[in-house]
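Visitor: Sharing a model prediction with you, sequence too.
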Amino acid sequence: MLVQALGQAILLGMHIPDGFLSVPVALLWWVLTIAALALAVQRTQGFDERRVPFMGVMAAFIFAAQMLNFPVLGGTSGHLLGGALAALLLGPWAGMLVMTCVIALQALLFQDGGLLALGANVFNMGVAATLVGYGVGMPLMRAAGGKPWGLIVAGFVAAWLSVMVAAFLTSLQLVLSGLSAAVVFPAMLFVHAFIGIGEGLITVAALAFVATMRPDLVPALAEGLDARALSRAMSRSAMLSVTLIGLAIAVGLAFLSPMASADPDGLERVAEDHGFIERAQDPAYNILPDYTIPGLDGPLSTILSGVIGLLIVFTLAYGIMLLIRGRRKSGQGSTS
């Protein structure tokens, strides 16, 4: 019963629960994450106002997509991380903020990942994954000269590497917290090499969809494609349409969430197989634990919790970017 309960506490993703990391290691990654996010806020102050809703849409899509675990191998499951996808569509800094909104909401509202470990989780999946995804994907896309195969290759490689880097960092943090490097590194990197394939395929499909439908809404992506990609004018009505369609897709994913694989994810599988799952601590509180509504059983509970989550994270990402832009305008006004 205890193992089952602890397993439920880390049901989704590469999210580290409290208890896996020592306090000094967790605090160190909090410092690194805060520094990275401060830089991200500074770099996104000039973000195009008309594209701010697209940040909310991306946050909602990634949140909903992360609820869909897919089977990988040997009774293990995985799901989209989304860091490379967010970075290639929004740029690394805006993508970093979107991923932070998603991961923070998962910890605070759904108890997916620990509060002390939140700094490490944001760094691994939000900071490192976006920087690697953009740093690898954009040069490859430019090198391909706007060819369609370039989008496929760049998207897949960037997404796969982003998962592997996140798995490497998670392994490093576990080893610094007292676990054996000979056990953790091979196990984590092996299973996430397969999960990364799924990440790559989903990322390529999403990139191709956006690049085909509205490349003008994603200059970070169009930068690596043909210049004609920017020929279509971007309007507020187009942005509203994309926002509504994007939210509809995210809600659709939430409706599919009860069909997600129930197999343990990569980190949970490694923790079970190598005997450190018992280090996980129960969450300090429960609001919507395991992506369910307390008192409501069955698929409807999962669907409703998913819809609630994606609407909140859409509002959160949208509001944070408006706040950042508001501070920039206020700063400009005070100096003029």
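Guide: Structure's in. What do you need? Computed from a predicted structure; not experimentally measured.
Visitor: any idea how far residue 67 is from residue 119?
Guide: To residue 67, residue 119 is 23 Å away according to CB to CB, to the nearest Å. C-beta coordinates here come from the backbone N, C-alpha and C atoms, glycine included.
Visitor: the more surrounded of these two?
Guide: With neighbours defined as other CB atoms under 10 Å, residue 119 and residue 67 compare such that residue 67 has more, 27 against 23.
Visitor: On the three-state scheme, that one is what?
Guide: Look at residue 67: counting by DSSP: H, G, I helix; E, B strand; the rest coil, its state is coil.
Visitor: List the buried residues of stretch 153-171.
Guide: 153-171 (16 or more other CB atoms under 10 Å).
Visitor: residue contacts, residue 296?
Guide: Neighbouring residues of residue 296 by CB atoms under 8 Å, 6 or more residues apart in numbering: residue 304.
Visitor: I'd guess it is in a helix, am I close?
Guide: No: under three-state DSSP, residue 296 sits outside any helix and is assigned coil.
Visitor: phi, psi of it?
Guide: phi -120, psi 120 (degrees, to the nearest 10).
Visitor: Next one, pLDDT for it please.
Guide: Residue 296 is assigned a pLDDT of 90 by the prediction.
Visitor: now do residue 264
Guide: pLDDT, residue 264: 83.
Visitor: ok, it - contacts?
Guide: Contacts of residue 264 by CB under 8 Å, 6+ apart are 7, 75, 76, 77, 272.
Visitor: Which ones among those lie within strands?
Guide: 76, 77 (DSSP state E).
Visitor: what comes into contact with stretch 156-170?
Guide: Among residues not part of stretch 156-170, those counted as contacts by CB under 8 Å, 6+ apart are 14, 16, 81, 83-85, 87-88, 120, 123-125, 128-130, 132-134, 136-137, 140, 185, 188-189, 192-193, 195-197, 199-204, 266-267.
Visitor: just the contacts of residue 264 now: which is nearest residue 115?
Guide: Closest approach to residue 115 among the contacts of residue 264 (CB to CB): residue 7, at 18.7 Å.
Visitor: Look at the closest one and report its pLDDT.
Guide: pLDDT, residue 7: 40.
Visitor: so where do the helices sit in the stretch 101-250 of the chain?
Guide: Taking DSSP state H, counting those that start in this stretch as the test, the helices found in the stretch 101-250 of the chain are 118-121, 129-143, 148-176, 181-213, 219-222, 236-256.
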